[in-house]
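[1] sequence unknown, structure follows:
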């Protein structure tokens with residue numbers, strides 16, 4: 001049985017919050033961090049996943065996606081801040097990246 005993921009990705013300045021649905025969260029993370037696919041999702045360079053929810057069925061994930069798309073930016077931002085206050089990337093460390101690099105966040 002597949003697990004479906006609802007995620008919210010953002011850019012380095014937290015200006016754009018883009019929700020999406022996938023059943024391959026690692027594949028999406030690789031696409032976000034690949035510099036050759038910089039404009040794949042929108043005009044912004046979305047480079048990290050800051051929020052993830054998992055669902056057992058695609059129908060549940062789609063319903064939650066529609067709900068998030070209908071909400072305003074402030075509500076989505078509160079959702080991210082409640083679960084990830086420092087807006088750190090929730091994805092797994094990928095090969096070729098420096099996992100010991102520390103993030104400095106000014107909130």
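    Nice, thanks for sending it over. Keep in mind that this is a model prediction, so the values were computed, not measured.
[2] report the longest helix in this structure, please.
    Longest helix in the chain, counting residues (DSSP state H): helix 58-70.
[3] Output the lowest mean pLDDT helix or strand found in the chain.
    Least confident helix or strand, the chain: helix 25-33 with a mean of 82, by mean pLDDT, DSSP states H and E.
[4] Just the buried positions in the longest helix of the chain, please.
    Using 16 or more other Cβ atoms under 10 Å as the test for burial, helix 58-70 gives 61, 64-65, 68. C-beta here means a position set from N, CA and C on the backbone, and glycine is covered the same way.
[5] that older thread, helix 25-33 and the helix or strand just after the least confident helix or strand of the chain, what's the angle between them?
    Next helix or strand after helix 25-33 toward the C-terminus (DSSP states H and E): strand 48-55. Angle of strand 48-55 versus helix 25-33, following axes from the mean of the first three to the mean of the last three Cα atoms, to 10 degrees, is 160 degrees.
[6] Starting from strand 48-55, tell me which strands it pairs with and how they run.
    strand 4-10 (antiparallel) (DSSP bridges).
[7] Return the distance of the partner strand from the chain's centre.
    Chain-centre distance of strand 4-10: 4 Å, with Cα atoms, centre = their mean, to the nearest Å.
[8] For that strand, the averaged confidence score.
    Averaged over strand 4-10, pLDDT sits at 92.
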